[in-house]
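Peer 1: Below are the sequence and a predicted model for it; my questions follow.
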Amino acid sequence: METRADTRTIHREEVALLGGLTILTLLLHLAFYKGYGFFRDELYFIACSHRLDWGYVDQPPGVAVVAWAARGVLGDTLFAVRFVPCVFAALQVLLTGLTARAMGAGRYALFLTCLCVIAAPQYFGSYLNTDMFMTLGWAACAWVAARILAGGSQRWCLLFGLFAGLALQGKHAMLFFGLAFVVGLLISPQRKMLLGPWIWAGGAVAFLIALPNLIWEYRHDWATVVLLTNIAKSNKNLVLGPVEYLHSNVDSLGRFSLPVWAMGLLWCLFAASGRRFRALGWTWVVAFATFLALRGKDYYLTPAYAMLFAAGAVAIEG
């Protein structure tokens, strides 16, 4: 008989472990945030923060709002601009650890999961950028999804929608992860979730949060769509085949973590003990195929690997 993932109350030792690794991540990013000074995109985001709006030609308003708030609270300094990205990186470690916990992780799997996230070069970014919204947003959504799939209340879909909507206000590409998750549910044994009201209510929450930016796009003749279409026609983006795309992801995440996330993908898709989380495995597959078909940048898929770190660590511990 299939058993549910271990969703008992998190132990004091596990709280200390997750809390300690989260704080360690924050301290590491604060220690190395200076780099070579302001990155050129950060100067653009600061300029946008002087003229706040519900959208811009190449992005939603999220990063400009963060720059505006950081400057207002901490001043016009490099530390002010990069403090929030440092916090985002630390929260990603916490949320991915909680995802592993929802999947049934013990202390070893929690540590391995967080170590993979901390050590991934792609996730170690202390500069202000739009991608941090998608990275943290999907980490939050994956945690909620794991709790639901492990047997939690489907009312958690409302929280999923909240996280997805906020992420959409920072990066439009977050939409593809939401769609990939719905397709993943449709393919997996968990498709019955689509018959209930809560997942659609969560989608409505995400839509309402993203609506102001959608209205801005409509009023400005879908400026972002036009921009992306022109970029696609200009051959500006490097188009990679499936093998090259995957190889780039492996390099971005660190080769030592390849066995962990590969094990996690196989565990979600094929293992009896991972059957509850089939939808998350299919989410990665669908997102991978989507970004390849749309010729998305190679790093667009990297937020999806954190949940596979969690699944792989649980599988290895098992």
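Peer 2: Received the coordinates, thanks.

Peer 1: Packing partners of the longest helix seen in the chain?
Peer 2: With residue count as the measure and DSSP state H as the assignment, the chain has helix 78-102 as its longest helix. Contacts of helix 78-102 with other secondary structure elements, assessed using 3 or more CB pairs under 8 Å, 6 or more residues apart in numbering; DSSP states H and E, are made with helix 12-31, helix 40-49, helix 62-74, helix 107-119, helix 131-149, helix 305-317. Every residue, glycine included, has its C-beta placed from N, CA and C.

Peer 1: Tell me which of the ones you listed sits most buried.
Peer 2: Looking across those with neighbours counted as mean count of other CB atoms under 10 Å, the highest average goes to helix 305-317: a mean of 27.

Peer 1: Could you confirm L240 falls within a strand?
Peer 2: No: checked against DSSP: H, G, I helix; E, B strand; the rest coil, L240 lies outside a strand; its state is coil.

Peer 1: and it, what pLDDT?
Peer 2: On pLDDT, L240 comes in at 80.

Peer 1: For the residue lying closest to it once chain neighbours are set aside, give me its contacts.
Peer 2: For L240, the nearest residue in space outside its immediate sequence neighbours is D298; the separation is 5.9 Å by CB to CB, 6 or more residues apart in numbering. Counting by CB atoms under 8 Å, 6 or more residues apart in numbering, D298 makes contact with 238, 240, 245, 248-249, 252.

Peer 1: Filter those down to the buried ones, ChimeraX style.
Peer 2: Buried residues within the contacts of D298, by 16 or more other CB atoms under 10 Å, are selected in ChimeraX with:
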select :240,245,248,249,252
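
Peer 1: Looking at the contacts of D298, which is nearest E42?
Peer 2: Ranking those by separation from E42, with CB to CB as the measure, puts S252 on top at 20.7 Å.

Peer 1: I'd say the closest one and G125 touch.
Peer 2: No: S252 sits out of contact with G125 when judged by CB atoms under 8 Å, with a separation of 10.9 Å.

Peer 1: quick one: buried residues of the helix or strand of the chain with the lowest mean pLDDT?
Peer 2: Within the chain, judged by mean pLDDT, DSSP states H and E, the helix or strand with the poorest mean is helix 223-233; its value is a mean of 85. Residues of helix 223-233 classed as buried by neighbour count (16+ other CB under 10 Å): T224.

Peer 1: And for stretch 168-183?
Peer 2: Buried positions in stretch 168-183, judged by neighbour count with 16+ other CB under 10 Å: 168-174, 176-178, 180-183.

Peer 1: which residues touch that stretch?
Peer 2: If you take CB under 8 Å, 6+ apart as the criterion, stretch 168-183 is touched by 59-63, 130-134, 137-138, 141, 145, 164, 167, 194, 199, 203, 206, 209-210, 213, 224, 279-280, 282-284, 286-287, 290-291, 296, 300, 303-304.

Peer 1: pLDDT below threshold where in the chain?
Peer 2: When the per-residue scores of the chain are filtered using pLDDT under 70, the ranges that remain are 1-10, 235-238.

Peer 1: 90 instead, please
Peer 2: Flagging of the chain using pLDDT under 90 yields the residue ranges 1-15, 32-39, 121-127, 228-242, 255, 293-299, 318.
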